[in-house]
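In: Show me the folded form of this:
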Amino acid sequence: MKSKTVFITGASHGIGRAIAEEFARRGYSLAINCKSSGEELHLFAERLSDAFQVPCLPLVGDVSDEEFVEQAFGEIQQKFGMADILINNAGISHVGLLTDMSLEEWNRVLQVNLTSMFCCCKHAIPPMVHEKSGRILNISSVWGNVGASCEVAYSASKGGVNGFTRALAKELGPSGITVNAIACGVIDTRMNRCFSEDERRQISEEIPVGRFGLPQEAASLALSLVNAPDYLTGQVITLDGGWQ
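Out: Reported below is the predicted structural model:
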């Protein structure tokens, strides 16, 4: 039987990289994306193919650019037929006072974190609807649930991810396609290495389980969600060690 294909955005490091490795380990065909770490992404694709004997297509480009996304899905169709699973993981943060933020910085956060989802979903959905089958999983944040001081743009974008997830699930439910999201707490990734050791200790003390989450834990949950029953859709599931 043909293996299912998963397209993962923002897969060169952090949560996206862990998700790619987890799905490769389970025998999925992969298309993986990043914007700027092209050499790293190609080496990672080769490593996954060699280690797990699965096809892995690297796609370097900006997923908030619809022209690139259309081209990427064309390459996926040519190699695999379709993306059975879409994992929207690409994201950036911005820390600072809202009044110090430029419009360009604001727009960039929303483009990467929210517009990229629109572009990828727009091109992933038609073949899923044709097959009456598909899984879309969006990587969100606890700040999309409750908001964070000095991260207004990031919180707004992730709140948008959550609303997008719930609305699209209702739109696609009749077509047999599920749409869910993971609202991550503090995961030990490059994005969160901005904290000093003292800040990391203080944050860890606020988290009931006493530590940052691991990318591999997010990846394990992602795999579980795409294999969950069809009745699980429109959900934003929080993975934060009981923090929020």
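In: which stretches of the protein form strands?
Out: Using DSSP state E, the strands found in the chain span residues 5-8, 29-34, 56-60, 85-88, 134-141, 177-184, 236-239.
In: Strand partners (parallel or antiparallel) of the first one?
Out: The sheet places strand 5-8 alongside strand 29-34 (parallel), strand 85-88 (parallel), with pairing taken from DSSP bridges.
In: Could you pull up the residues touching Y28?
Out: 3-6, 54, 85 (CB atoms under 8 Å, 6 or more residues apart in numbering). C-beta: built from backbone N, CA, C; applies to glycine.
In: of the residues you listed, buried ones?
Out: Neighbour-count burial (16 or more other CB atoms under 10 Å) is assigned, among the contacts of Y28, to 4-6, 54, 85.
In: Include pLDDT and distance to N113 when you put those into JSON lines, please.
Out: Listed next are the buried ones among the contacts of Y28 as JSON lines, based on pLDDT from 0 to 100; distance: CB to CB, whole Å:
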{"residue": "K4", "pLDDT": "97", "distance to N113": "26"}
{"residue": "T5", "pLDDT": "98", "distance to N113": "24"}
{"residue": "V6", "pLDDT": "98", "distance to N113": "20"}
{"residue": "V54", "pLDDT": "97", "distance to N113": "28"}
{"residue": "I85", "pLDDT": "98", "distance to N113": "20"}
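In: so of the strands paired with strand 5-8, which one's packed in deepest?
Out: Mean neighbour count (mean count of other CB atoms under 10 Å) peaks for strand 85-88 among those, with a mean of 28.
In: any residues touching that strand, and which ones?
Out: So strand 85-88 is contacted by 4-9, 16, 19, 28, 116-117, 120-121, 124, 134-139, 161, 222, 226 (CB under 8 Å, 6+ apart).
In: all helices for the chain, in order.
Out: 14-25, 38-52, 66-80, 103-110, 116-131, 143-146, 152-172, 197-206, 215-226 (DSSP state H).
In: who wins for proximity to A183 among those helices?
Out: Closest approach to A183 among the helices of the chain is made by helix 143-146 (5.6 Å; CB to CB).
In: Distance from that closest one to the middle of the chain?
Out: Mean-position distance between helix 143-146 and its chain equals 16 Å (CA atoms, centre = their mean, to the nearest Å).
In: Same check on stretch 149-158?
Out: Its chain's C-alpha centre lies 17 Å from the corresponding centre of stretch 149-158 when counted by CA atoms, centre = their mean.
In: contacts for it?
Out: Stretch 149-158 is contacted from outside by 91, 93-98, 101, 105-106, 109-110, 113-114, 140-141, 143-144, 147-148, 183, using CB under 8 Å, 6+ apart.
In: With distance to T189 as extra columns, can I get the helices of the chain in a markdown table?
Out: Below are those laid out as a markdown table (distance: least, CB to CB, whole Å):
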| stretch | distance to T189 |
| --- | --- |
| helix 14-25 | 4 |
| helix 38-52 | 15 |
| helix 66-80 | 23 |
| helix 103-110 | 17 |
| helix 116-131 | 18 |
| helix 143-146 | 15 |
| helix 152-172 | 14 |
| helix 197-206 | 13 |
| helix 215-226 | 6 |
